[in-house]
Structures are given as C-alpha cells and as structure tokens.
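Peer 1: let me see the structure of the following:
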Amino acid sequence: MPLLTVTDLRTYFYTRSGVYRAVDGVSFSVERGETLGLVGESGSGKSVTCYSIMGLVLTPPGRIESGTAIFDGVDLLHCTPAQARTIRGKRIAMIFQDPMTSLNPYMRISEQLIEPLLIHEKISKRDALARALAMLESVGINDAAKRMHLYPHEFSGGMRQRVMIAMALITKPELLIADEPTTALDVTVQAQILELIKKMQRELGMAVIFITHDLGVVSGLCDRVQVMYAGRVVETADVRTLFRAPQHPYTRGLQRSIPALQPKGAELYTINGLPPDVSKPLPGCSFAARCEFAIDRCTAEQPTLATFGPGHAQACLRVQAGEL
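Peer 2: Down below sits the predicted model:
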C-alpha cells in the first residue's frame with residue numbers, strides 16, 4: 001500500500017482578475033522509501049500541489065476544490081487541525097525553496113531547530129539541543145556547536161539550506177517534500193545538498209517528493225517522475241523510461257532543453273511561446289499552442305492520461321492515436 005495517494009487534486013485561486021486553476025486534477029502515489037520527481041517549468045503547479053497536501057495554501061484566495069490525499073490512512077485534505085498538527089512537521093516535513101524567507105531572522109538557529117522536537121516529542125530542551133547539534137554535524141556544518149547559536153543572516157546561502165534540511169529531518173519524517181532546494185545554490189553546493197538528501201534518505205528509509213525544473217537533477221536522484229504542465233500531469237514514468245523514451249511533446253521539449261545534451265557551439269534549444277493563462281478555460285490540450293505537432297483536434301479535445309506501458313502514462317492525443 002502506498003505511503004501517500006493523491007487523487008484528483010484541484011486547487012484554485014480566486015482573484016479579482018479571475019479564477020486561476022493552479023492544480024487541475026492531479027493524481028499520484030508515493031511508496032515508502034521511494035523518490036518521486038515533480039517536474040515542469042515555473043507556474044506548472046508543482047509547488048501548489050505539495051502546499052495543498054501540507055495544508056499551506058492561503059485561504060483566501062486559495063481553495064482546495066476537490067480531491068483526497070491519503071497518508072497512511074488519513075486524508076490530509078479533510079482531517080481535523082489536531083490531526084494535521086500531529087503529522088505535519090513530524091511524519092511529513094518540507095524543505096522550502098528560499099531558506100532566507102523560511103527561517104525566522106529574529107531567532108537563533110538553535111531555537112528554530114529544536115522547535116519541532118519540543119512540539120512533537122516529550123523531550124527536554126537539553127536533549128533537544130544535543131539532537132540539533134548532531135543533526136547540524138550530519139548535514140555538514142563545520143564547528144556546529146558554536147554556529148548553532150548564530151542568527152540566519154550570519155550563514156551563507158548553502159549553509160542556510162543545510163539548516164533547512166536539518167530542521168526538516170530532525171524529527172525523522174516518513175515523507176520529505178523538497179521544493180527546489182538547490183535552485184539558489186552554486187553547482188558545487190548543489191551536488192553536496194543532493195548527496196546529503198540521498199544519504200539521509202538511506203539512513204531514515206523515508207520517501208521523498210522532489211520538486212524541480214532541472215531534469216539533470218531528476219536523472220540522478222528520482223525513481224519515478226511526474227511531468228506537470230499548466231496544473232495537469234502530462235506524463236508519468238520511471239526515470240529510466242522517461243529519459244530513454246519520452247512520449248509527450250512537452251517532455252521531449254524539456255529533455256531537448258538540457259544544455260549538456262546540446263552540440264558544442266550550437267544554439268540552445270528552447271520551447272517556443274509561453275505557458276497558457278490558467279485563469280481562462282482550456283478547451284483542448286494545454287500545450288497545443290506551443291506544440292510543433294498540434295493539429296485542430298488538439299485545440300478542441302482535452303486529453304486524459306492513458307497508459308502507454310508498464311508504469312508509463314501520457315496525455316497526448318496524437319501519441320495515443322499512434323500518429324506520433
């Protein structure tokens with residue numbers, strides 16, 4: 001039985017300029033110990049999907065219109081606040097994209113690290129500080145005993161991200177959601193952070209949902225991948241299948257956009273156009289306006305995910321019809 005099963009999740013934002021369908025019918029599952037990658041360009045609904053699961057969508061303007069998110073028998077979208085508090089931060093933890101805006105600038109690192117322990121576990125402050133020190137050392141912060149009593153602004157970007165990882169993992173969660181944790185970091189620190197997440201996952205046996213727009217990161221970290229576009233899932237497969245035989249034109253475009261795969265000196269490939277305005281109804285395929293293979297049928301008929309092979313599904317009408 002999967003650790004987390006999300007079914008038909010829809011999260012809309014009601015604004016003066018219209019209703020934005022940020023997440024529009026997303027379904028997936030995560031097994032224990034598995035790493036699932038959520039991939040897509042900015043605005044595709046990756047982060048809002050996970051914020052909805054965590055109960056972090058601001059209401060108003062956001063509202064979860066439908067769906068379920070069953071975590072170990074509990075529906076996270078419809079449970080009581082007391083149930084949510086026992087799960088969030090303890091059994092499910094999250095690393096946010098920008099550590100500087102996620103850490104409290106007025107509190108020392110040590111105080112922020114021990115807060116989840118004091119809330120979720122019957123533990124003395126002394127024992128909590130010892131756990132926090134051990135966790136800081138395990139995420140690779142040198143001279144942790146001295147540095148844990150500093151403020152966030154006294155840390156570099158890479159060190160702040162390590163603190164965020166330590167804070168997320170200190171309660172030994174069963175599921176870790178990592179929202180583009182390496183986007184703001186240089187390549188060397190990025191590799192260290194990814195290796196650290198893999199190491200902690202092996203030690204704790206936890207499942208990971210990794211949100212990113214970098215397919216290079218996905219190839220070395222994830223077991224399965226969900227490709228999202230305009231709030232919908234357009235393709236899902238295990239990582240090897242997705243890289244060897246991508247089916248949806250958007251997935252192919254993302255793969256062709258990887259700089260390392262370009263011929264030396266050649267102009268980098270880009271997907272033409274812009275993502276659609278999700279505040280307006282999309283009668284057909286959301287990618288049709290940017291797709292080089294689109295025909296009239298694509299703009300009129302909305303595709304659904306169809307199984308293409310074992311564990312592989314995609315939402316392209318022409319691929320499903322055998323035309324591509």
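Peer 1: for the helix or strand hosting I53, packing partners?
Peer 2: Using DSSP states H and E, I53 sits within helix 46-54. Judged by 3 or more CB pairs under 8 Å, 6 or more residues apart in numbering; DSSP states H and E, helix 46-54 is in contact with strand 4-15, strand 18-30, strand 35-39, strand 62-71, strand 92-95, strand 175-179, strand 207-212. Heads up, the C-betas are built off the backbone N, CA and C, glycines and all.
Peer 1: format those strands as a markdown table; extra columns: mean pLDDT, distance to V139 and mean neighbour count.
Peer 2: Listed next are the helices and strands packed on helix 46-54 as a markdown table, based on pLDDT from 0 to 100; distance: least, CB to CB, whole Å; neighbours: other CB atoms under 10 Å:
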| stretch | mean pLDDT | distance to V139 | mean neighbour count |
| --- | --- | --- | --- |
| strand 4-15 | 93 | 24 | 19 |
| strand 18-30 | 92 | 23 | 20 |
| strand 35-39 | 93 | 18 | 25 |
| strand 62-71 | 92 | 25 | 18 |
| strand 92-95 | 90 | 11 | 25 |
| strand 175-179 | 91 | 13 | 24 |
| strand 207-212 | 92 | 15 | 24 |
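Peer 1: measure how buried the closest residue to V74 other than its chain neighbours is and give me the count.
Peer 2: Excluding the flanking residues, the one nearest V74 by CB to CB, 6 or more residues apart in numbering is Q83, at 6.1 Å. Neighbour count for Q83, taken as other CB atoms under 10 Å: 13.
Peer 1: now the helix or strand hosting Q83 - C-alpha only, PDB.
Peer 2: Remark: Q83 resides in helix 81-87, with elements defined by DSSP H and E. What follows is helix 81-87, C-alpha atoms only, in PDB (Å, rounded to 0.1, in the frame of the first residue of the first chain):
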ATOM      1  CA  PRO A  81      -6.500  20.600  12.600                       C
ATOM      2  CA  ALA A  82      -5.300  18.500  15.500                       C
ATOM      3  CA  GLN A  83      -4.700  15.500  13.200                       C
ATOM      4  CA  ALA A  84      -2.800  17.700  10.800                       C
ATOM      5  CA  ARG A  85      -0.600  19.000  13.600                       C
ATOM      6  CA  THR A  86       0.500  15.500  14.600                       C
ATOM      7  CA  ILE A  87       1.500  14.700  11.000                       C
END
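Peer 1: who's in contact with it?
Peer 2: Here helix 81-87 makes contact (CB atoms under 8 Å, 6 or more residues apart in numbering) with G55, F71, V74, L76, C79, H120.
Peer 1: find the centremost residue of this structure, please.
Peer 2: By CA atoms, centre = their mean, the chain has its centre lying nearest to I211, at 2.6 Å.
Peer 1: list the beta-bridge partners for that residue.
Peer 2: Beta-bridge partners for I211, by DSSP bridges, are L38, D179.
Peer 1: and M159, its phi and psi?
Peer 2: As for M159, its main-chain torsions (degrees, to the nearest 10) stand at phi -70, psi -40.
Peer 1: who's in contact with it?
Peer 2: Each residue near M159 by CB under 8 Å, 6+ apart is listed here: I141, R147.
Peer 1: and it, what pLDDT?
Peer 2: Note on M159: pLDDT of 85.
Peer 1: can you check the one 3 residues further on too?
Peer 2: In the prediction, the pLDDT value recorded for R162 is 85.
Peer 1: and I165, which of the three is it?
Peer 2: At I165 the chain is in helix, as set by DSSP: H, G, I helix; E, B strand; the rest coil.
Peer 1: that one reaches V139, doesn't it?
Peer 2: Yes. Counting by CB atoms under 8 Å, I165 touches V139, with 5.4 Å between them.
Peer 1: name the residues contacting each of these two.
Peer 2: Both I165 and V139 are contacted by L196, M200, under the criterion CB under 8 Å, 6+ apart.
Peer 1: in CSV, list the helices and strands packed on helix 46-54 along with distance to G309.
Peer 2: Formatted as CSV, these follow (distance: least, CB to CB, whole Å):
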stretch, distance to G309
strand 4-15, 21
strand 18-30, 17
strand 35-39, 18
strand 62-71, 26
strand 92-95, 31
strand 175-179, 27
strand 207-212, 23
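Peer 1: and the ones you listed: which comes nearest G253?
Peer 2: Each of the helices and strands packed on helix 46-54 has some distance to G253 by CB to CB; the shortest is strand 35-39, at 12.0 Å.
Peer 1: this protein: helices as residue ranges?
Peer 2: 46-54, 81-87, 99-102, 109-120, 125-138, 144-147, 157-169, 187-204, 215-221, 239-244, 249-256, 296-300, 317-320 (DSSP state H).
Peer 1: out of the ones you listed, which gets the lowest mean score?
Peer 2: Among those, helix 99-102 carries the lowest mean pLDDT, at a mean of 73.
Peer 1: circling back to that earlier point, got the contact list for the residue nearest to the centre of the chain?
Peer 2: With contact set as CB under 8 Å, 6+ apart, I211 has these partners: G37, L38, K46, S47, C50, I177, A178, D179, E180.
Peer 1: possible to save the contacts of helix 81-87 as CSV with distance to I114?
Peer 2: Output for the contacts of helix 81-87, formatted as CSV (distance: CB to CB, whole Å):
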residue, distance to I114
G55, 23
F71, 25
V74, 26
L76, 25
C79, 26
H120, 11
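Peer 1: if anything else comes up later, I'll come back, but that's it for now.
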